[in-house]
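Asks: need a structure here:
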Amino acid sequence: MKKLVTTSAKFALVIGFALGVGFSADTVEARTCFKKAGQGTAGTLAGAKFQVDEVLLQATDWGAWAEWMATGKTSGYDFGKRKYRCKKGGMGYECYGTSTICKK
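Replies: Down below sits the predicted model:
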């Protein structure tokens with residue numbers, strides 16, 4: 001009987017977590033996240049990375065890009081950490097970058 005009660009309690013705990021019991025509605029609500037990639041070219045390394053950031057936001061939401069250009073913020077999105085792979089070439093530097101962007 002004790003084994004049955006223990007097994008039932010474990011099962012209830014697993015089901016509770018699966019259904020989000022014990023979490024606030026904000027935690028359970030799924031955020032929309034997506035991975036974006038872009039390419040940028042500029043005379044400087046910093047400029048090429050900046051071009052990548054622009055492309056990532058433009059591919060997400062032109063309003064978010066405009067806000068970021070004007071204020072440096074993206075109030076509707078979490079513009080996550082970017083990863084860049086850069087090399088000399090073309091007009092100076094060419095970078096490829098990726099980021100996971102989440103809608104708030």
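
Asks: tell me where this structure has helices.
Replies: Taking DSSP state H as the criterion, the chain carries its helices at 2-19, 25-28, 45-58, 62-71.

Asks: ok, now how distant is Trp68 from Lys87?
Replies: Per CB to CB, to the nearest Å, Trp68 is found 25 Å from Lys87. No exception for glycine: its C-beta is placed from N, CA and C like everyone else's.

Asks: make that Lys104, sorry
Replies: 34 Å.

Asks: contact partners for the nearest residue to Ala37 once chain neighbours are set aside?
Replies: Distances taken as CB to CB, 6 or more residues apart in numbering put Thr98 closest to Ala37, at 4.8 Å, once the chain neighbours are dropped. When contacts are counted by CB atoms under 8 Å, 6 or more residues apart in numbering, Thr98 touches Lys35, Lys36, Ala37, Gly38, Leu56, Arg82, Lys83.

Asks: domain-wise, how is the chain divided?
Replies: Segmentation of the chain into domains, based on automatic domain parsing, reads 1-30, 31-103.
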